[in-house]
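Asker: here you go, sequence then predicted model.
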Amino acid sequence: MIESRHDAGDSGPGVTAPGPSSSAIAFFGDRLDLADRYVSLLATDGVVRGLIGPRETPRLWERHLVNCGVMESLIPQGASVIDVGSGAGLPGLVLAITRPDLTVTLVEPLARRTVFLDEAVASLGLGNVTVVRGRAEEVDLPFADVVTARAVAALDKLAGWCLPLAAVGGRLLAMKGSSAAEEIAAAQNAVASLGGGEAVIHLCGVGVIDPPTTVVEIVKERHVVPGSSSAHRAAPSRGKSRRR
Ligand SMILES: C[S@@+](CC[C@H](N)C(=O)[O-])C[C@H]1O[C@@H](n2cnc3c(N)ncnc32)[C@H](O)[C@@H]1O
């Protein structure tokens, strides 16, 4: 059971959730209370269960919540989002908190993490989130408008897992660090063979967070049947069709 921030002392190492930074207050606006409750869950159960390192707690707001949240500027209104390798919910849960218009599916293979995610979703009362236990390359989900990932794999491997989950016309948004340009160069052939277009680097949250968040965007231009060498052009499905 996930406990509230006021119970932090009872749930393990006595970690107290940090208060929101000024940038977090400005960024989350009327969703701040929900974000604050999520930070409390991360700082208590998340740390106790080994999903978040104890040294991360003082920087949960900046390095994790705001860092993930600012990528929402790249996501269209009402989009369906699959977050691959959510871990403790980053960036998927943050996006669901920030943007109640989104429908978010968190894909995570490890039971310890999906249990935490299920409890967090229930505790926060998020009606726009589904948790799916499984590996991205094995789950069977409706195509999504947007597939997100942070700290899951190098871009070539990540594209192989994520582009098949996106609708034609949809996109992969991969949070990356300073190696983004090199990863794009190394993944170019793999991305093209997966039906992905040219990768674009976005800096999100300029003036909100320092450094801003680097996001690699790859639009899925055509559908490629996973495991086949031939590419098939398909009508945009916008998340309505199921994967084959
Ligand atoms: C370093 S953690 C990052 C977690 C979270 N995205 C974050 O930024 O804090 C990588 C996560 O990817 C998950 N993962 C690894 N391989 C995966 C796969 N094939 N499909 C989906 N998730 C995977 C792991 O279980 C783990 O939770």
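Answerer: Sure thing, it's come through.
Asker: go ahead and confirm residue 162 touches residue 147.
Answerer: Yes. The criterion here is CB atoms under 8 Å, and residue 162 meets it with residue 147 at 4.2 Å. Where you see a C-beta, it was placed from the backbone N, CA and C, and this is true even at glycine.
Asker: shared neighbours, those two?
Answerer: When CB atoms under 8 Å, 6 or more residues apart in numbering defines a contact, the residues bordering residue 162 and residue 147 alike are 82, 84, 172.
Asker: and the ligand, which of these reach it?
Answerer: Taking CB under 6 Å from any ligand atom, the overlap between the shared contacts of residue 162 and residue 147 and the neighbourhood of the ligand is residue 84.
Asker: dump the shared contacts of residue 162 and residue 147 to JSON lines, plus pLDDT.
Answerer: Conversion of the shared contacts of residue 162 and residue 147 to JSON lines gives the following (pLDDT from 0 to 100):
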{"residue": "82", "pLDDT": "98"}
{"residue": "84", "pLDDT": "98"}
{"residue": "172", "pLDDT": "98"}
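Asker: measure residue 82 to residue 193 for me?
Answerer: Going from residue 82 to residue 193 by CB to CB, to the nearest Å gives 21 Å.
Asker: and the pLDDT at residue 40?
Answerer: According to the model's per-residue confidence, residue 40 sits at a pLDDT of 96.
Asker: can you check which strand is longest in this structure?
Answerer: Secondary structure assigned by DSSP state E gives strand 166-176 as the longest strand of the chain.
Asker: and it, what's buried?
Answerer: Using 16 or more other CB atoms under 10 Å as the test for burial, strand 166-176 gives 166, 167, 168, 170, 171, 172, 173, 174, 175, 176.
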